[in-house]
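Q: Pasting the sequence and the predicted coordinates here, then a few questions.
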Amino acid sequence: MAKPDSRTVRSASPNGADTFDEEFENSLDKALHSASSNYFHWTGRRGSLGANLRLALGILLETLNAPNQPSIGTSFDRNSDSFDRSWGSDVNPLMGGGEITGNTYLHGSNDPNGPDYSRNSLIHRMGRFLQSLLGLYRFVRSQVSRELQQQQTHADLQHFSGDITASAAVLEERMVSPQNSHQKQPVLNAVLNAKYNPVTFVPVILYEQFKFFFNLYFLLVALSQIVPQLRIGYLLSYIVPLAFVLLVTMLKEAGDDIARRRRDIEQNNEQYEVLNRSFLLSADVSLVPAKNLKVGDLVRLHKGMRVPADMVLLHSSDSNGEAFIKTDQLDGETDWKLRVACPVTQSTPDVAQISERVSLVVGRPEKSIHSFQGKLVYHSPTGTDRTVPLSVDQTLWANTVLASGTALGIIIYTGVETRQLLNTTMSGVKTGLLEIEINSLLKILCVTVFLLSVVLVLAQRFPPGGTWYIDILRFLILFSSIIPVSLRVNLDLAKSVYASQIQKDNDIPATIVRTSTIPEDLGRIEYLLSDKTGTLTQNDMEMKKLHLGAVCYAGETLDIVSENVSKMFVHEKGGNTMKRRDLATKVCDFALVLALCHNVTPSEDDGVISYQAASPDEVAIVKFCEQIGLRLLKRDRHSITLLHLASLQELLFQILYIFPFNSDTKRMGIVVKDTQKNEIWFMEKGADTVMTRIVNTSDWLDEETANMAREGLRTLVIGRKKLGASVFEEFTKAYEHASLSMQERDSNMQRVVGQYLETNVELLGLTGVEDKLQKNVKQSIELLRNAGVKIWMLTGDKVETAKCVAISAKLISRGQFVHQITKVTSPEMAMSHLDQITNTANSVLLIDGESLAMYMKHFSQEFFEMCILLPAVIACRCTPQQKADIALAIKKATGKRVCCIGDGGNDVSMIQCADVGVGIVGKEGKQASLSADFSIDQFHFLLKLLLWHGRNSYKRSAKLAQFVIHRGLIISVAQAIYSISSHFEPLALYQGWLMVGYSTLYTMAPVFSLTLDTDVDVRLTKLYPELYKELTLGKSLSYRSFFMWVAISLFQGSVIQLLSQSFQTLSENKFPAMVSISFTTLILNELFMVAFTIRTWNKIMFATIVITFMIYVLLVPFLKEYFDLDYITSVSFLWQSALILVTSLFPVWLVRTLSRKLRPPSYAKVQQH
């Protein structure tokens, strides 16, 4: 029997079952797609086993996507040419299969109008779904077993790897075509940063809160009041405080998530022009929201528009196919990036023709935003296909912005496969040291509650009836206030206050708090790891020296260079002596290479010329060339035009190839053709460490490089090579062939460059560029060292340059010995140096990256145990990973708080590994700033951030935490005294709204006002930086200070309750009067204790205390259920309350006053001076 049409079945099914069927089918489909696609990506970097798993998932996806195909069975044999599949007898109904036979108990009736059709088809779908998963599981299990067996012999492993390589490669490459964009695709392009939705909000929030032990403890306490045997008082007495804490948290989370959702909706609903969505794939334009864009869509972008997905640029409004993009939201770099349309599609203006004849081959999604390998295939009407390589120069990554013109691109990756989302990682939530210390104190309180409950039950000598365990539980409930339920929410709100104060500080403008959970750690920093360039220095380059081997130009002698350049064309024609003409020609050749070998693009806005470049070094060189007479007039993808200022003659050079600078090669090269002389030149500049091996040997290069480095100058070696026509032709063929490779393309291309170009390169000279220190760096470092902070400078620069900057920044004091460790190549050499450093503990260590790697590999523990004792360490030639490893090693070796500060992308790893990461908004971009916990504009802002805001945040939170604990302890002491006086019965002293109001209305605002208190003036923190050193000892919240507050709570709680009971007996008719005076004096005691604790008063503090007292007085008449109002209005109440308060407060005040007089704290001493 033929299978009924699915649409007929759905329309005929009764009671809306068709909708449920369809939704369930789609849900299962999406579940398998999502799981397999995610695993496909996750295993992308794994070996042969990963390839087999991806192959299995690919087969599963293929099966699910292909209707009328049999489902995956349970047997696969990869060693055969094709898989041996044990097909079931049924056609897969999960994806809308065909006729159903066999296993009739699963599906029942096939009648679409029958009452059991929907239910039975649902069961059948689920059965086939589970069968598919079972088949996949068995296949994976067999592959794992086979993998382990084949690893036993090397020959088998090689055979196995070779066997799967082709399959893996097929799966990793994708075909993208405009004609397939209408097909269903598993990866959506919607952006989803919101954490919750209306359904999951409450459950997720509750889970996040109750996964903490103490919150769960209070929930269990509240729920225990439902049990009659455990009921102590009113249920609301325990529910309301917990509900208040949860409500504050929910409101905070809801506000943040609503803002995220609004941004998501705005971004997802941006309209884009799609040119190939019509049925005939014509050039008709349709507006499509960003969330609905698919792979293969042809999208037209205009200037200023955000790129909605990863795309390949096919056509640009610029005649040369050029387009500029802004990448600051992707990599933090502020310079514009040049992108170039594929030449084949740039010359094809007809969009319909592009849709029909162009297809792309791209690799699997990757994280790297600086590399891309693909091919564009143009299917000619004549039948001959043309293949063109694609690189990162043709890409428009998602979330970049088109900065010029109009562009047409084809989408290649969407959603979670885009570079932006692949590089978006959820950094772990950082936990402050203060929170760790508070948790340890709360554990003590938790044990105290249990022991106190057991002791009181033991004092009853175990009541008859075997109900002793019930009494223990009742006492646990009575003393639950010892563990403060509101402590966490108080601290979280306090952190928000600190963050707001930091961001509103006019002395450190533009400071941003990106992580509000660790402001207290700013006051506990003991190690500061700093980058050099752009952090300690301005990253504002100025040319200071040129060295041409025979002569050096610096200072006023740089004018000689200008004179020689101004007479450039005179030198070419002849004149003067041969020796002078040769020197002048060398100067001109050197200047010409400087003016051409770069990636700088001039742009003019309102008559003002600015330069766009990835590095300020290049901008500095281009500006220097203009000063000496060679201005960069125009530049595009094909040519560079220079203006010779002396003669106003334009020099046109054709750009043939560019080899951009990167951190691996450490050099930049360009091949140009002089259109006037018809000569082809290869020009290159780079770091001395790599250029020394490329240029011709020289007897002066190493010495002069070291001399410049000692002066703190950054050096570049300049060279060039003339290329003959035959050599250039051979290079072109080899380079184009390498550029078409899909595997290891970059290394193949670099190998060709090294073979044909980077041999016999003429050494022209050496440049020295100065990077000035930032404002107030010297004073800031000196104050931080006086504050007890040990500073390490980690840089990728040369040893000599780093040492010079360290001396000028006062990181190395005058006369301080510098122990230098460089070029350590063996463990024996490393150990020898280690012994020498141990004998000079007050010295500064200067070490290069090569030696550092040796120590971290062989003597990591010994090395860092020695280094942490030194006043300063300078590590040079460090890789980004080495910087991060150093931060982690210090944290592990010391257990102290480590702060890392930097400004560039190479500092991101170090910043993220730190306890406190600080990013400086640099000239190279905002990458470090965006990844940091705190973002500042200048290094010296760090001084106030640590010495003032760090101090206040730590001292205030410590005081707040102890006061909240005291507030819970004192009421529990009163409860314990009452229970003892009541013959150890677990009876509640304060009930209902009294307990609710105690931790909210009556005490919360005054206690929280402590977050505005300061113990010293801001000027004194800089004048006496030694005050900061005391904070690192953690005395503000220690076991000593904690037990002092416990003692105060025991004393005051006992005095208040015992005197209250002595004035009013525990008899039933006197109980309300006793509660009246006990509770009132308890509230007033807390208000006075807040007043005693405050060091610097302000209007808000005074207002919270007065208003809170007035609220309590006004609410007393409404508490007649608990209080004796007649007694409260009597004179005896007034004098008895006053006596209790004086007895509980005066001894505490007296002890504190005497202590400050006899042993004044440091902050009190400096205040006196």
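A: Yep, it's here. Numbering: from 1, shown residues only.

Q: contacts, neighbours, all on C-alpha from now
A: OK.

Q: any weak-confidence spans in the stretch 201-350 of the chain?
A: For the stretch 201-350 of the chain, the stretches flagged by pLDDT under 70 are 233, 276-284, 331-335.

Q: Tell me which stretches of it form strands.
A: Counting by DSSP state E, counting those that start in this stretch, the segments of the stretch 201-350 of the chain that form strands are 271-274, 286-289, 298-302, 310-316, 322-326, 336-340.

Q: For residue 991, which of the ones you listed is the nearest?
A: Nearest of the strands of the stretch 201-350 of the chain to residue 991, taken as CA to CA: strand 286-289 at 57.7 Å.

Q: Now do the buried residues in the closest one.
A: 288-289 (16 or more other CA atoms under 10 Å).

Q: returning to that earlier point: from the strands of the stretch 201-350 of the chain, which stretch is densest packed?
A: With neighbours taken as mean count of other CA atoms under 10 Å, the strands of the stretch 201-350 of the chain reach their highest mean count in strand 310-316, at a mean of 27.

Q: okay, that one in PDB with CA atoms only?
A: As requested, the backbone C-alpha atoms of strand 310-316 are provided in PDB (Å, rounded to 0.1, in the frame of the first residue of the first chain):
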ATOM      1  CA  ASP A 310      31.200  34.900   7.800                       C
ATOM      2  CA  MET A 311      31.300  35.800   4.200                       C
ATOM      3  CA  VAL A 312      33.600  35.800   1.200                       C
ATOM      4  CA  LEU A 313      33.900  39.100  -0.700                       C
ATOM      5  CA  LEU A 314      32.800  38.700  -4.300                       C
ATOM      6  CA  HIS A 315      32.400  42.200  -5.600                       C
ATOM      7  CA  SER A 316      33.100  45.700  -4.400                       C
END
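
Q: Show residues contacting that strand.
A: Defining contact as CA atoms under 8 Å, 6 or more residues apart in numbering, one finds that strand 310-316 is touched by 321-323, 339-342, 345-346, 349, 394-398, 405-414, 418-419.

Q: Tell me how many other residues surround residue 269.
A: As a burial measure, residue 269 scores 14 neighbours (other CA atoms under 10 Å).

Q: give the contact list for it.
A: Contacts were defined as CA under 8 Å, 6+ apart; by that measure residue 269 touches 289-291.

Q: Could you dump the residues you listed into a markdown table with distance to residue 458 added?
A: Formatted as a markdown table, the contacts of residue 269 follow (distance: CA to CA, whole Å):
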| residue | distance to residue 458 |
| --- | --- |
| 289 | 71 |
| 290 | 70 |
| 291 | 67 |
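
Q: just curious, which of these is nearest to residue 387?
A: Each of the contacts of residue 269 was checked against residue 387 using CA to CA; the closest is residue 290, at 30.1 Å.

Q: Surely that closest one is in contact with residue 268?
A: Yes. Counting by CA atoms under 8 Å, residue 290 does reach residue 268; the two are 5.1 Å apart.

Q: who's more crowded, the two?
A: residue 290 (23 against 19).

Q: Report the set of residues contacting both of residue 290 and residue 268.
A: Counting by CA under 8 Å, 6+ apart, the residues touching both residue 290 and residue 268 are residue 190.

Q: Tell me where the model's unsure across the stretch 51-200 of the chain.
A: In the stretch 51-200 of the chain the weaker segments, taking pLDDT under 70 as the threshold, are 51-172, 181-186.

Q: if we can go back for a sec, show the buried residues in the contacts of strand 310-316.
A: For these, a burial check counting by 16+ other CA under 10 Å picks out 321-323, 339-342, 345-346, 394-398, 406-414, 418-419.

Q: Helices - which of those residues land there?
A: Counting by DSSP state H, the part of the buried ones among the contacts of strand 310-316 found in helices is 345-346, 419.

Q: Turn those residues into JSON lines, including distance to residue 928.
A: What follows is those, written out as JSON lines (distance: CA to CA, whole Å):
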{"residue": "345", "distance to residue 928": "38"}
{"residue": "346", "distance to residue 928": "37"}
{"residue": "419", "distance to residue 928": "18"}
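
Q: Going by residue numbers, what spans are helices in the stretch 651-800 of the chain?
A: 688-691, 701-710, 725-739, 745-756, 777-786, 799-808 (DSSP state H, counting those that start in this stretch).

Q: among those, which is the most enclosed?
A: When these are scored by mean count of other CA under 10 Å, the highest mean neighbour count falls to helix 799-808 (a mean of 22).

Q: what helices or strands is that helix leaning on?
A: Secondary-structure packing of helix 799-808 (3 or more CA pairs under 8 Å, 6 or more residues apart in numbering; DSSP states H and E): helix 701-710, strand 844-848, strand 872-876.

Q: So which bits of the very next helix or strand once past that helix are buried?
A: Sequence order places strand 818-821 as the next helix or strand after helix 799-808, per DSSP states H and E. For strand 818-821, a neighbour-count test (16+ other CA under 10 Å) marks 818-819, 821 as buried.
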